[in-house]
Every structure is written in structure tokens, then in C-alpha cells.
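> I'd like to go over a predicted model; first the sequence, then the structure.
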Amino acid sequence: MVILLKTNFPMPTDSISYQNSGYFSPLINDYLNHQSNLQSLYNHFPTIENFEKQLIEKQQNYNSNIREILVSVLNKQYELLTVSELTKKNIALLLDKNTFTITTGHQLNLFTGPIYFIYKIISTINLTKELKSKYPNYNFVPIYWMTTEDHDFEEINYFNFKGKKFQWNRETSGPVGRLSTEGLDEFLTVFEKELGSGTNADAIKNLFKDAYANNDSLANATRYLANELFRDYGLVILDADNSELKTEFIPYIKEELVHQTSNKKVLETIAKLKEYAIQVNPREINLFYIEDNLRERILFEDGKYKINNTKIEFSENGILELVDKNPEKFSPNVILRPLYQEVILPNLCYIGGGGEIAYWLELKATFEAFNCTFPILLLRNSALLVTPKQAVKVAKLGLTWIDLFSKQEELINRKVVEISEIPVDFSIQKDFLKQQFSELYAIANQTDKSFLGAVKAQEAKQIKGLDNLEKRLLKAQKKKYVSELERIIDLQNDLFPNQSLQERKANFSEFYLESGKTLIEKLVRGLNPLEFNFTILTL
């Protein structure tokens with residue numbers, strides 16, 4: 001694995017794989033390691049060569065009539081935006097049977113939320129470039145699928161900036177994409193005080209204001225924001241909360257309502273994943289009923305289809321008639337949304353985080369039941385952004401990146417052992433003690449069992465005594481080297497806020513404040529979607 005270190009001074013060069021970073025689940029580690037027990041749960045592993053197989057399969061199993069509808073919907077959604085020539089070209093290319101998409105999806109987090117949102121889109125953009133280079137006779141379009149139909153506002157109504165949480169508080173119901181942006185101008189006033197002044201600070205303020213003050217819904221605001229950040233890279237942004245698109249999904253909605261197909265298939269798959277933590281569990285019916293201020297589960301009880309927490313109910317004929325007449329009133333949940341996506345798009349690959357890939361691995365049997373090609377699953381890029389000043393500190397403190405990815409207590413204990421002028425590790429003494437007791441065991445085996453038990457008890461007592469002495473000495477040495485250790489702790493806390501991944505805490509604006517427009521350019525150059533690295537980038 002290669003770490004990208006753009007510095008002019010000596011730096012640690014440890015390789016950090018996703019598997020060894022300590023931040024991915026056993027399921028994802030096993031997926032990346034091609035474990036045989038998981039191979040039936042995905043179609044093709046994400047290698048550049050496997051995309052040839054995938055595009056042939058998708059081309060044979062995709063309804064090309066949807067292309068015209070898709071392009072028409074996208075053109076309408078882009079009417080009020082300043083669209084780059086590359087994005088216009090990519091939308092038009094979707095009419096071509098030799099054009100395929102690479103897709104990532106994400107919630108409508110306020111001001112993009114954690115910075116990994118940026119990494120997901122860059123992974124998507126960069127993969128389309130690699131595929132075009134490898135397969136020049138085909139076209140590849142990067143898609144950001146906005147999950148506008150989610151209703152969990154508390155998951156998206158905030159972002160963190162320099163350790164402070166900025167939260168938008170208001171009463172909500174229904175799909176978040178339809179939510180009014182009213183009141184966010186007051187939010188901006190608070191945020192502006194933290195940004196300070198300067199060219200980059202002004203750019204952030206204007207970006208926030210233009211996105212949220214000049215767009216009437218959260219979906220439109222998020223589309224504007226993502227377009228401003230990525231339009232020069234040809235990103236195409238889709239809101240699938242759309243009647244025309246859902247018309248194409250009608251047969252799948254009906255199948256789910258009548259036969260509860262996805263529930264059965266996902267439960268079968270979960271049985272194969274019993275050694276792992278399950279990411280999501282299916283409902284009996286994996287659809288919601290939605291209106292502007294309502295998104296509730298559809299239940300089947302006593303021969304009726306009932307809308308949870310309401311008095312709305314339908315007979316089977318009644319709800320199937322509603323599907324034909326108003327398919328936009330039906331919203332797929334986390335289990336069926338991937339199927340909807342793959343029916344609508346000529347898609348080859350879905351790019352997501354560890355949690356997303358984990359639940360996609362539950363879905364292949366469902367896709368097979370619906371005769372829909374299952375996409376390649378690619379773990380998005382992960383990165384640690386380091387300032388030049390922080391990079392110098394890492395080198396001066398004699399740290400490696402593996403050190404910094406360690407749990408803090410493990411890191412401190414290891415560094416104390418390294419810098420201490422006296423031995424803190426009593427392993428040699430313990431080994432010597434065990435050797436002495438092995439001779440006593442030889443004698444004990446020639447006598448009665450009570451003597452053997454006494455020897456074992458004495459060994460345990462003395463080993464415990466050495467353990468306690470070792471802990472006391474370690475504690476004493478921590479006090480002696482407190483200033484050095486505090487510098488290490490401060491640096492790790494800066495790079496891993498709350499001892500968590502930076503990408504899950506910090507907002508892109510924090511780094512934009514320092515780098516300006518070059519931030520996106522540096523990330524696009526520094527992240528490689530098909531190298532499964534945790535990339536360290538010095539900005």
C-alpha cells in the first residue's frame with residue numbers, strides 16, 4: 001500500500017491498509033480480503049478488469065427506454081443551475097447505450113456534513129476517469145444520488161467546524177428533501193462569526209448563503225452546493241423522488257406489496273452472515289408511504305395495508321391502483337432503495353462507506369429475485385488530512401502513521417517503552433520466572449497433586465507480582481515523560497477528534513478555509529479509488 005505524503009521534509013512512511021487501520025468491521029475486512037464465505041454475496045470484486053464483465057452484464061439487463069426519461073428528469077432538475085459543459089455532456093451521454101454510471105449516494109447533510117461526503121464523490125469521479133482510460137469505447141458518468149426521501153432529520157441537521165457543533169433546530173416531518181430552507185439565514189449569521197475574515201472565509205459564507213438562502217428546499221440547496229463544488233468534474237446529481245422515475249419502478253413496488261419478496265431474500269442472506277454484526281434488518285414490507293409532511297411504514301395487518309401512525313388503510317386492489325396512479329407516494333427504504341437505483345440507472349458500481357457496503361452485501365439474493373444486475377461494490381476512499389505544521393510534528397516526535405492510528409492508551413504505553421532510559425517491559429523477567437517454575441513442575445509431577453497445585457498457585461502469584469511492578473513502573477515513567485507524552489496526545493487529538501476518524505467529524509469548510517479552491521483539486525489528485533488505502537495527504 002502507498003501513502004501519499006506531499007512534503008519537503010522526512011516523513012514516516014508506514015503502510016496503512018484499511019484492514020490494519022482498526023476502523024473497519026470484520027465483515028468489511030473479510031470482503032477486502034476476498035474471504036470465500038462472502039463471495040456468493042457479491043457479483044464481481046472491484047478490480048479494473050472485472051468492470052468489463054460488469055458492463056456487458058448490465059448492458060444486457062438494463063431497460064434502455066429508461067434513458068430518455070432519466071435525461072428528461074435530469075434536465076428539468078438542472079434548469080435553475082449554472083451547469084458546466086462537462087456536466088451537460090455527461091447528461092446527454094446517458095442517452096447512449098454505451099454509457100454507464102458510477103454512483104454514490106448520501107443523505108442531505110447540512111453543508112455536506114462530515115468530509116467523507118467529499119471523499120465519496122471524488123471516489124466516484126476518479127473511478128469514471130480510470131474506466132474511460134481502460135475502456136475508451138464506453139462512457140462513464142459520475143452520479144451523486146441524493147437520498148432526499150429520508151425522514152430522520154436529526155441525522156443530517158448539523159455539522160462540526162473546528163470542534164464546535166452547528167445544529168439547525170426546527171420541527172420536521174416527511175421527506176427531508178422537501179423540507180423548506182426557511183430559517184437557515186439566521187444559522188449562517190452564527191456560523192459566520194466562527195469563520196472570521198479573508199478570501200476563503202468569504203467564499204465559504206457565500207457558498208452557504210447561495211445554497212440555502214436562494215433555494216426553497218433542502219434537496220435544491222444540496223444540489224446547488226454539490227454542483228458548485230464538483231461541476232468542473234462533470235458530476236451529475238439526481239433526485240429520484242420523482243413520479244416519472246418511480247413509474248418505471250411500479251412492477252417492483254407491486255411485487256414487494258403482494259409477495260414481500262425482499263424480506264424473504266434478505267433473511268436468507270442474513271442467515272449466511274451469522275458470524276458478523278448485521279447492518280440492517282428487513283421489514284415485512286420495505287416501503288414507506290410519503291406525502292409532503294408524512295413518511296410512514298406500510299404495514300400488512302388483518303388483510304389490509306395500513307399506514308403506520310395514521311388512519312390510512314387500503315385493500316390490496318386499492319393500494320395497487322394507487323401504485324399505478326401515484327407511484328411517487330411509495331418510497332423504498334434502505335433495503336429497496338438500492339434496487340430502485342439500479343433499475344433506474346445504467347449503473348456498474350456503487351461506492352459507499354463500510355456501513356453501506358455491509359448492508360449491500362445483504363441484498364444480492366433480492367436483486368436476483370427481481371432479475372436485476374447486482375453492481376460492483378467499492379469501498380469509498382478514506383483520508384487523513386494533515387497540515388504541514390502537523391506533518392513536521394509527526395516527524396519530530398518520531399511517530400509513524402501506524403502509531404497515530406492506534407488507540408491512545410496503546411500508543412502512550414508503546415511510546416513510554418520506547419523513550420524510557422530504563423527497561424519498562426518485564427517480559428525477560430517473566431520468561432526467566434516461567435523457566436524456573438518449569439523445573440519445579442518436573443519435580444511436582446513426581447509427587448502428589450496437592451504439591452502441583454501449590455506450584456501453580458505460587459507461579460501465578462509471582463507473575464502477578466511482576467505485572468503489578470511493571471504497571472507501577474510504567475505509571476512512574478509516564479509522569480517522568482509527561483511533557484513529551486502530552487505533545488503526542490495533543491497531536492493525535494488534533495488528527496483524530498474525540499479519538500475518532502477526522503473524516504467522520506470535520507466539515508470540508510475547515511480545510512477549505514486554509515486551502516480554498518485547491519482543496520478539491522488536491523483531493524482529486526491524491527485519492528485513488530481502486531487502491532484500498534487509508535491515504536494521508538499533507539495539504
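On my side now, so go ahead.

> rest of the way, CA atoms for contacts and neighbours
Fine.

> quick one: the most centrally placed residue in the chain from Ile48, how far?
Nearest to the mean C-alpha position of the chain, by Cα atoms, centre = their mean, lies Gly353 at 2.5 Å. Per Cα to Cα, to the nearest Å, Gly353 is found 19 Å from Ile48.

> give me the below-cutoff pLDDT ranges for the protein.
Counting by pLDDT under 70, the chain contains low-confidence ranges at 1-15, 420-426, 430, 449, 467, 469-471, 473-476.

> ok so, going back, the residue nearest to the centre of the chain against Leu379, yeah?
Yes: when contacts are counted by Cα atoms under 8 Å, Gly353 is listed as touching Leu379 (5.7 Å).

> how close does the residue nearest to the centre of the chain get to Ser406?
Between Gly353 and Ser406 the distance is 21 Å, computed by Cα to Cα.

> also Thr222?
According to Cα to Cα, Thr222 stands 35 Å off from Ser406.

> ok, the two, which is more surrounded?
Each of Thr222 and Ser406 has its neighbours counted (other Cα atoms under 10 Å); Thr222 has more, 24 against 18.

> which residues sit against whichever strand or helix holds the more buried one?
Using DSSP states H and E, Thr222 sits in helix 218-230. Defining contact as Cα atoms under 8 Å, 6 or more residues apart in numbering, one finds that helix 218-230 is touched by 81, 83, 108, 111-112, 146, 148, 176-181, 207-208, 211-212, 214-215, 235-237, 239, 520.

> how about a cut-off of 6 Å?
Under the contact criterion Cα atoms under 6 Å, 6 or more residues apart in numbering, helix 218-230 has outside partners Gly177, Leu179, Thr181, Ala211, Tyr212, Asn215.

> check stretch 32-52 too.
Around stretch 32-52, the neighbours that count as contacts under Cα under 6 Å, 6+ apart are Leu361, Lys364, Ile376, Leu378.

> list the contacts for the closest residue in space to Tyr119 that isn't next to it in sequence?
Distances taken as Cα to Cα, 6 or more residues apart in numbering put Asn381 closest to Tyr119, at 5.9 Å, once the chain neighbours are dropped. Taking Cα under 6 Å, 6+ apart as the criterion, Asn381 is in contact with Tyr119, Ser123, Pro529.

> Ser123 is in contact with the last one, correct?
Think Pro529. Yes: judged on Cα atoms under 6 Å, Pro529 makes contact with Ser123 at a distance of 5.1 Å.

> for these two, work out which one has more neighbours and name it.
Applying other Cα under 10 Å to Pro529 and Ser123 shows that Ser123 carries more neighbours, namely 27 against 24.

> which elements pack onto whichever helix or strand the more buried one is part of?
With elements delineated by DSSP H and E, Ser123 resides in helix 116-134, which encompasses its position. Packed against helix 116-134, as judged by 3 or more Cα pairs under 6 Å, 6 or more residues apart in numbering; DSSP states H and E, are the following elements: strand 139-146.

> quick one: list the elements packing against the strand it packs on.
In this structure, strand 139-146 packs against strand 99-106, helix 116-134, strand 236-239, with contacts taken as 3+ Cα pairs under 6 Å, 6+ apart.

> which parts of the stretch 301-450 of the chain are helices?
Secondary structure of the stretch 301-450 of the chain (DSSP state H, counting those that start in this stretch): helices located at 316-325, 337-344, 354-360, 364-369, 388-396, 401-405, 408-419, 427-444, 449-480.
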